[in-house]
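1. With the input below, show me the fold.
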Amino acid sequence: MNKYKQNQKSGFTLIELLVVIAIIGVLSSIVVTSLGSNKGKTRDALRKEDIKQIETAIDLYFQDNSSFPANLTALKNTGYFDTFPTDPSTNADYGYSFDSSTKKYCIGTNLEVIAPTSQCSLSSYTHTVGN
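-> Residues are numbered from 1 along each chain as shown. Predicted coordinates:
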C-alpha cells in the first residue's frame with residue numbers, strides 16, 4: 001500500500017487545465033473587444049478636433065478673402081495649417097460644402113462609435129461666420 005502512494009504523482013487533471021484555458025480565452029476576448037471600441041472613440045475624438053481646426057481655418061480664410069474657399073483643397077496651401085487634417089482611418093479629406101448667399105458652411109464626417117449630436121445641412125443652422 002505504501003508503494004502505491006509513493007508512485008502517485010501530484011498535478012492538475014486534464015479537465016482542470018481545460019477549464020482554466022477556457023476562462024483565460026473568455027477574459028482575453030472581452031479585453032480585445034473593449035480595446036477595439038476605445039480605438040474607435042479615439043479616432044472619433046480626433047475627427048471632432050480636426051473639424052474644429054478646419055472651422056477656424058475657414059473663418060480666417062473668409063476674413064482674409066471675403067469669400068468661402070471653393071473646396072478644402074483651397075485651404076491646404078494657404079498657410080492656415082502646418083499639416084492639413086484628414087480622416088484618421090481613411091486618410092481622406094472631410095466633407096465640405098458652403099452657401100455663399102447665407103454665409104453658412106458645413107463640414108462633415110462619419111463617426112465610428114460616438115453618436116452624432118447634429119445633422120450637417122445647409123438648410124438648417126450649421127455655422128455662421130462672425131457668430
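
2. What's the separation between the residue nearest the centre of the chain and N65?
-> In the chain, the centroid-proximal residue (CA atoms, centre = their mean) is R43; its distance is 2.0 Å. R43 sits 32 Å away from N65, going by CB to CB, to the nearest Å. C-beta coordinates here come from the backbone N, C-alpha and C atoms, glycine included.

3. go on, L72?
-> For L72 relative to N65 (CB to CB), the value is 15 Å.

4. In terms of packing, which of these two has more residues around it?
-> L72 (18 against 11; other CB atoms under 10 Å).

5. if I read this right, the more buried one contacts Y94, doesn't it?
-> Yes: between L72 and Y94 there is a contact at 6.7 Å, judged by CB atoms under 8 Å.

6. what touches both of those two?
-> Listed as contacting both L72 and Y94 by CB atoms under 8 Å, 6 or more residues apart in numbering are I54.

7. Can you verify my assumption that P85 contacts E55?
-> No: assessed by CB under 8 Å, P85 is found out of contact with E55, at 11.0 Å.

8. And these two? Which one has more around it.
-> Using other CB under 10 Å as the criterion, P85 and E55 rank with P85 on top: 18 against 15.

9. Which stretches in this protein count as helices?
-> For the chain, the helices defined by DSSP state H occupy 2-7, 14-65, 73-76.

10. Could you export those helices as TSV, including distance to S89?
-> Output for the helices of the chain, formatted as TSV (distance: least, CB to CB, whole Å):
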stretch	distance to S89
helix 2-7	62
helix 14-65	6
helix 73-76	20
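
11. how about the ones you listed, which one is nearest L111?
-> helix 14-65 (4.7 Å; CB to CB).

12. Tell me the gap between that closest one and the middle of its chain.
-> From the chain centre to the centre of helix 14-65 is a distance of 6 Å (CA atoms, centre = their mean, to the nearest Å).

13. re the thing from before, can you tell which of the helices of the chain is closest to Y105?
-> For Y105, the closest of those is helix 14-65, at 6.1 Å, according to CB to CB.
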